[in-house]
Every structure is written in C-alpha cells, then in structure tokens.
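**Q** okay, predicted coordinates and the sequence, questions at the end:
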Amino acid sequence: VVLLDIGLLAGASQRDIGALVGIDAFMIVTGLVATLTKVVVARYAFWTISTISMVFLLYYLVAVFGEAVSDAYEDTRSTFNALRNIILVTWAIYPVAWLVGTEWLALTGLYGETLLFRGGRLDRHGVSG
C-alpha cells in the first residue's frame, strides 16, 4: 500500500506504479521462499534474488518516481522526498536483519532480530497509517 500511496503522490503513471508493485510482490515472494526453504544453497540464492529485487525497487523509486514528482508543487515534492527517504532507510534494514538474525548468521537472538524487523516496518505503520 505504501508504494501505491507514494506513486500516487508523485503523480507516476499507472504502468510505473504497477511495475513497482510487481517488483515488490516478487521481492516478498522470493524472500518468503528464502525463509521457508531448508536447502542452504537455495536459501542464499533466494535471499540474493530478493535483495537484488529490493535494490532495483529502491532505485526505481528514486529514479522513476523522482522524475514523476519533479513537476509537482514544492510541498508535494518535499513530502515525497521525506517519505521516499524513510522507505529507503527502513527497507534497507530487512536484508541486514535476515543476515544477522536467526535465519543466517545468528549474530542476534530472536529478540534482536524481531527488533530489527520491527524497525523496518516503521514505514508501513508510522507513515501510511
């Protein structure tokens, strides 16, 4: 929902919003497969695919949606930039949490991992309501 909201705020085309939502869905599914798969090589492969998808998604958010919002009013651009930056920072937490948490390196316990994932969800609950 947050990507749809920020796309509409930016004035992005339906095609661009749909593409970004599609990338997001792909990222989520590959991340889920990485978490549920018991074969170690497959886990890392799906985590890598999911993380590459996230990097592409964040780039698309900056480049394509950033271009779409460039003609908007200053207050709209300012709001977009603030929301975009929150998404960039909070979403970057997810692959790190997966790496250091119980799914891979186990450098943090379950509570530490939960805290990291909770920080990554600030954009979904703290921004878009």
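**A** All right, it came through fine. Numbering: from 1, shown residues only.
**Q** residue ranges with poor pLDDT in this protein?
**A** 111-129 (pLDDT under 70).
**Q** just how off-centre is stretch 44-58 within its chain?
**A** 10 Å (CA atoms, centre = their mean, to the nearest Å).
**Q** wait, isn't Thr79 in contact with Leu9?
**A** Yes: with contact defined as CB atoms under 8 Å, Thr79 reaches Leu9; the gap is 6.6 Å. In this view, the C-beta of every residue, glycine as well, is placed from N, C-alpha and C.
**Q** and Arg43, what helix or strand is that in?
**A** Assessed by DSSP states H and E, Arg43 sits inside helix 40-60.
**Q** contacts made by that helix with the rest, please.
**A** If you take CB atoms under 8 Å, 6 or more residues apart in numbering as the criterion, helix 40-60 is touched by 16, 19-20, 23-24, 26-28, 30-31, 33-35, 37, 87-88, 91-92, 94-95, 98, 103-104.
**Q** now do the residue most central in space within the chain against Ala72, distance only.
**A** Closest to where the C-alpha atoms of the chain average out (CA atoms, centre = their mean) is Trp91, at 4.2 Å. Separation of Trp91 from Ala72 (CB to CB, to the nearest Å): 23 Å.
**Q** so for stretch 72-80, what gets flagged as buried?
**A** For stretch 72-80, the buried set under the neighbour-count rule, 16 or more other CB atoms under 10 Å, comprises 77, 79-80.
**Q** in helices, which of those residues fall?
**A** Residues of the buried residues of stretch 72-80 located in helices (DSSP state H): 77, 79-80.
**Q** in TSV, list these along with distance to Val64.
**A** Shown next, in TSV, are those (distance: CB to CB, whole Å):
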residue	distance to Val64
Arg77	15
Thr79	18
Phe80	12
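**Q** so which other helices or strands are in contact with the strand or helix carrying Glu67?
**A** If you go by DSSP H and E, Glu67 is part of helix 66-69. Where contact means 3 or more CB pairs under 8 Å, 6 or more residues apart in numbering; DSSP states H and E, helix 66-69 is packed against helix 2-10, helix 74-100.
**Q** many thanks, we can stop here.
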